[in-house]
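Q: Sequence and predicted structure, then a few things I'm wondering about:
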Amino acid sequence: MAVKQNGVLATFTPTVSDYTNLTVAANNNAIATNGWAMYTCPSATLTSAKLVVANNTGGNANIDVGIVEQTDVIQLDALASQPGTPSNYGAFTFPSGSPTNYATSIVLEYGNESGTFQVGETLNWNNSNRTPNAQTAVIHYVDTVNKKLWLRDMLHPLGLEVPGDTNFTGATSGATCSAGPSYAGTGGTNGHSGVLRFYDSLQGTLFLQNREFRNNLDYKFLYNNDANENREQSNNNLNRSNGRIWRPVATTVTRFAAAGNTTPATEFIDATGVEVLVSGVSQIAAEQYLVKQKQVTDSNTFELTGLVLGSYQTIFVSSTAAVSFSLIGFEETAESLS
């Protein structure tokens, strides 16, 4: 097996290491966080490593460490609050586990439609508020009854914040629709989309690989197995660790409309067209922790050794103190079954 990366694979310091995203103001674009999915094993790769935690904060610190396979853990709302008040979460259909299983909470409510849109085709429109003006998304689900297009893979997360009447066109079907002040009831949201790693139908939990996330990998390109996915291949840990991007899923979205913006509860669309409400979002599930609230005394280090990661498994770390997390190890190209 050929070595891909070696040495320091990732670093992170809670409350100090910032991330950003495309929705924050340019003059306030550095966002601090306590927890971070600091390293993801690339595709066709095996990673062996140890995690070193150094505490030089002047006081004792508690840390959390886990191995996760998602960026966002999305808890669906209570069954009594869901459409049809089903008896269990198995009533909702969220295909998961494949690179082509997606989930989304991004919706365009349209009018003035012509033709029939197709699931999987690219939707094109212009938005003079964005650069470039030409915006795109992929149609995930078509609800012709309620005149809604559920979208994923937005070019820009604020692409549906349009300045006026806007026409949308399906790249394959040629179908068209419109939204804006001339079309009552139309609007669009700044929801989220990504690959759905797993749907826990017992607990009602979505494990999402958020498209708007970047650690050592750019999640826009997950499963492509190329230089875009594995964005640093020259052992430059600074570039690998410090280009952090994340727009976490929230329990509300902003709905942009000519009548005024609102913040409705987040809803993910299931495969049968059910708009499923969300009640909470976190970064890690209870069963994914390796250590939780482990105390590291001041002026000491803690090592978690023997870590082995397969493709798309991720080291998550968290602390309220500014301890230093360093993942040290090597990556090897994984052998595939013949």
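A: Perfect, I can see it now.
Q: now do the same end-to-end measure for stretch 191-211.
A: Start to finish, the residues bounding stretch 191-211 are 11 Å apart (Cα to Cα, to the nearest Å).
Q: tell me the mean pLDDT over it?
A: Averaged across stretch 191-211, the pLDDT comes to 98.
Q: got the buried residues for that stretch?
A: Within stretch 191-211, the residues that qualify as buried are 191-201, 204-211, counting by 16 or more other Cβ atoms under 10 Å. (Each C-beta comes from the backbone N, C-alpha and C, glycine too.)
Q: just checking, next helix/strand downstream of the host helix or strand of Gly7?
A: Take DSSP states H and E as the rule and Gly7 turns out to sit in strand 3-12. Next in sequence after strand 3-12, counting helices and strands by DSSP H and E, comes strand 18-19.
Q: Need the residues that contact that following strand.
A: 30-33, 36, 244-246 (Cβ atoms under 8 Å, 6 or more residues apart in numbering).
Q: For the closest residue to Pro95 other than its chain neighbours, list the residues it contacts.
A: With sequence-adjacent residues excluded and distances taken as Cβ to Cβ, 6 or more residues apart in numbering, Pro95 is closest to Asn101, at 4.6 Å. The contact partners of Asn101, taken as Cβ under 8 Å, 6+ apart, are 94-95, 195-196.
Q: 10 Å instead, please
A: 94-95, 195-199, 271 (Cβ atoms under 10 Å, 6 or more residues apart in numbering).
Q: Tell me which helix or strand in this structure has the weakest average pLDDT.
A: Lowest mean confidence among the helices and strands of the chain (mean pLDDT, DSSP states H and E): helix 237-242, at a mean of 83.
Q: ok so, going back, what about burial for the contacts of strand 18-19, which qualify?
A: Buried among the contacts of strand 18-19 by 16+ other Cβ under 10 Å: 33, 36, 244-246.
Q: and the residue nearest to Ile63 when sequence neighbours are not counted, how many neighbours does it have?
A: Spatially, and ignoring its direct neighbours in sequence, Ile63 is nearest to Ser319 (4.6 Å; Cβ to Cβ, 6+ apart). Applying other Cβ atoms under 10 Å, we find 25 residues neighbouring Ser319.
Q: likewise the one 4 residues further on?
A: Burial measure for Val323: 24 neighbouring residues, criterion other Cβ under 10 Å.
Q: Tell me the spacing between it and Ala259.
A: 48 Å (Cβ to Cβ, to the nearest Å).
Q: And for Trp150?
A: Trp150 is 21 Å from Ala259, by Cβ to Cβ.
Q: The two - which one has more neighbours?
A: Per other Cβ under 10 Å, whichever of Trp150 and Ala259 has more neighbours is Trp150, with 26 against 10.
Q: and the more buried one, what does it touch?
A: Counting by Cβ under 10 Å, 6+ apart, Trp150 has contacts 102-108, 119, 137, 139-143, 189, 191, 193, 267-269, 273, 275.
Q: one more time with 6 Å, if that's ok
A: 104, 107, 140-141, 269 (Cβ atoms under 6 Å, 6 or more residues apart in numbering).
Q: Once you drop chain neighbours, what's closest to it?
A: Closest to Trp150 by Cβ to Cβ, 6+ apart is Tyr141, at 4.0 Å.
Q: Now that the one you found has come up, it's in contact with Asp270, right?
A: No: counting by Cβ atoms under 6 Å, Tyr141 sits too far from Asp270 to count as a contact (8.7 Å).
Q: Quick check: which ranges of the stretch 1-150 of the chain have low pLDDT?
A: 1-3 (pLDDT under 70).
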